[in-house]
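**Student:** Quick one, what's the 3D model for this:
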Amino acid sequence: MIKYIGSKRVLVPLIGDVVDALSPHGQVLDLFSGTARVGHALKQRGHAVISNDLNRYAHTLATCYVQADAEDVVSQARDWLARLSKLPGHRGYFTRTFCEDSRFFQPKNGMRVDAIRKAIAEAELTPELEAVLLVSLMEAADRVDSTTGVQMAYLKGWARRSHNDLQLRLPKVLPRGRQPSRAHCADALETARSVRADVAYLDPPYNQHKYLGNYHIWETLVRWDAPEAYGKARKRIDCRQRKSPYNSKRRIHEALAEVVDALDVKHLVVSFSDEGFVSRDEMVQMLSRRGQVWVLARPYKRYVGAQIGIHNPSGDKVGKVSHLSNKEFLFVVPADAEAARRLVDTAPDGLCWSQPASG
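**Tutor:** Numbers count the residues shown, from 1 in each chain. So this is what the prediction gives:
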């Protein structure tokens, strides 16, 4: 899967164990699905998953990894990927914008992206098959980029991997579950009001870092709308226009509380960071309206950009990083005592669940 700030790669097994304990084989709403890594893992565990994300690239990832079933798409996807891999590159919007006007990719790979994406756009494909091919292209481009993992900027010198040739691979599409899984592309509050599930998993944006700005190239690759771009990073113009309350210290509390109150679910699981705009105590108080809150805190290594340090627009190091790790909190509100008892056994070695007072 693509490199991603806030990815729950390390926490996925724990999240899966928690959801299993709350509702074995139940239906799970993943309200801010991002890379769909959590939804993919939960589907693999036998849950029916409803993924949701407002960004189109995230919806495409979820359509591939959650909604699509291997029995329906894998054979056709293999044939398509073989054909697409043979296409000669050509210079189009992607190459001009992200290889010449900026330096995110080597031109040879940008030209291949242009050719492959154009062929996908011209084909008449089911949404699931199209998503599988787009995710294959997205992940292939991610393997040859020249960034620290976000698209706010590119490296001063070419990353070693950027010299490799772009190669398409079949994404790990899962077989059909006992119940269908699906992917939504909508506002979180709208989905919270309209979807019923056994468990809701929330991993909202938690500070000023905007996912659309951090991954604007994937949004453009999926939409294929050749938008007006600005700045050295050649961001989509709508990065300036699309605002999320979850990226606002002033607005996030009200927005998140409204979502929590609107959910029609039995059990609630929320992932949040101590770098977020909502403190641990504030989150406990917010969630306690739904029942007793259980909390587990786990140390977590910060994203690669933080490891590298603070640089000015010219690429010179200008500051020191304050810290290299943070805490990831998992907040759980079980629906009943039986689910709470099962939850206790999910704590990893050396960690334990706590029940703080709600205040």
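**Student:** what about the strands in this structure?
**Tutor:** 27-30, 48-52, 182-184, 196-202, 229-230, 235-236, 264-273, 294-301, 310-311, 317-319, 325-333 (DSSP state E).
**Student:** which helices and strands does the fourth one pack with?
**Tutor:** Pointing back at strand 196-202 there. helix 12-22, strand 27-30, helix 252-262, strand 264-273 (3 or more CB pairs under 8 Å, 6 or more residues apart in numbering; DSSP states H and E). For every residue, glycine as well, the C-beta is placed using N, CA and C.
**Student:** Of all these, which one is nearest Ser244?
**Tutor:** Ser244 lies closest to helix 252-262 among the helices and strands packed on strand 196-202, at 8.3 Å (CB to CB).
**Student:** Compute the inter-axis angle for that closest one and strand 264-273.
**Tutor:** 150 degrees (axes from the mean of the first three to the mean of the last three CA atoms, to 10 degrees).
**Student:** now helix 252-262, how far from the centre of its chain.
**Tutor:** Remark: helix 252-262 is offset 20 Å from the chain centroid, using CA atoms, centre = their mean, to the nearest Å.
**Student:** Would you mind writing the CA trace of it as PDB?
**Tutor:** Extracted C-alpha coordinates of helix 252-262, given in PDB (Å, rounded to 0.1, in the frame of the first residue of the first chain):
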ATOM      1  CA  ILE A 252     -12.600  19.800  15.500                       C
ATOM      2  CA  HIS A 253     -14.300  19.300  18.900                       C
ATOM      3  CA  GLU A 254     -17.700  20.200  17.800                       C
ATOM      4  CA  ALA A 255     -17.400  18.300  14.400                       C
ATOM      5  CA  LEU A 256     -16.100  15.100  16.000                       C
ATOM      6  CA  ALA A 257     -18.700  15.200  18.800                       C
ATOM      7  CA  GLU A 258     -21.500  15.600  16.300                       C
ATOM      8  CA  VAL A 259     -20.300  12.500  14.400                       C
ATOM      9  CA  VAL A 260     -20.000  10.500  17.600                       C
ATOM     10  CA  ASP A 261     -23.500  11.400  18.700                       C
ATOM     11  CA  ALA A 262     -24.900  10.600  15.200                       C
END
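**Student:** in that helix, what counts as buried?
**Tutor:** Of the residues in helix 252-262, 252-253, 255-257, 259-260 count as buried by neighbour count, 16 or more other CB atoms under 10 Å.
**Student:** Averaged pLDDT, that helix. What do you get?
**Tutor:** Across helix 252-262, pLDDT averages out at 96.
**Student:** In a markdown table: the helices and strands packed on strand 196-202, plus distance to Lys235.
**Tutor:** Compiled in a markdown table, those are given as follows (distance: least, CB to CB, whole Å):
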| stretch | distance to Lys235 |
| --- | --- |
| helix 12-22 | 30 |
| strand 27-30 | 27 |
| helix 252-262 | 23 |
| strand 264-273 | 24 |
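**Student:** Quick one: closest of those to Thr148.
**Tutor:** strand 264-273 (18.6 Å).
**Student:** For the closest one, which outside residues touch it?
**Tutor:** For strand 264-273, contacts defined as CB atoms under 8 Å, 6 or more residues apart in numbering pick out 6, 8, 11, 15, 18-19, 22-23, 29, 192, 195-204, 206-207, 260, 278, 283, 287, 290, 300, 326-335, 339.
**Student:** try stretch 181-191
**Tutor:** The contact list for stretch 181-191 (CB under 8 Å, 6+ apart) reads 29, 31-33, 36, 39, 43, 47-54, 56, 59, 62-63, 66-67, 195, 204, 255, 258-259, 262.
**Student:** And it, how far out from the chain middle?
**Tutor:** Relative to its parent chain, stretch 181-191 has a centroid offset of 14 Å by CA atoms, centre = their mean.
**Student:** how long is that stretch end to end?
**Tutor:** End-to-end distance of stretch 181-191 (CA to CA, to the nearest Å): 15 Å.
**Student:** residues of that stretch that come out buried?
**Tutor:** Residues 181, 183-185, 188-189, 191 are the ones in stretch 181-191 that count as buried (16+ other CB under 10 Å).
**Student:** quick revisit: can you list the strands of the chain in TSV and add distance to Leu174?
**Tutor:** Below are those laid out as TSV (distance: least, CB to CB, whole Å):
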stretch	distance to Leu174
strand 27-30	14
strand 48-52	10
strand 182-184	13
strand 196-202	17
strand 229-230	35
strand 235-236	31
strand 264-273	21
strand 294-301	26
strand 310-311	40
strand 317-319	43
strand 325-333	24
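**Student:** between these, which gets the lowest average pLDDT?
**Tutor:** Among the strands of the chain, strand 310-311 carries the lowest mean pLDDT, at a mean of 54.
**Student:** circling back to that earlier point, right, and the pair among the buried residues of stretch 181-191 with maximum separation?
**Tutor:** Maximum pairwise distance in these, criterion CB to CB, is 21.6 Å, between Ser181 and Leu189.
**Student:** Give the full set of residues in contact with Val260.
**Tutor:** So Val260 contacts 202, 268, 286-287, 289-290 (CB under 8 Å, 6+ apart).
**Student:** For the protein, give me the ranges with low pLDDT.
**Tutor:** Within the chain, the ranges that satisfy pLDDT under 70 run 7, 301-325, 359.
**Student:** how about the helices in it?
**Tutor:** 12-22, 37-44, 56-62, 70-84, 93-95, 107-122, 127-142, 188-194, 211-214, 216-223, 252-262, 280-287, 304-308, 337-344 (DSSP state H).
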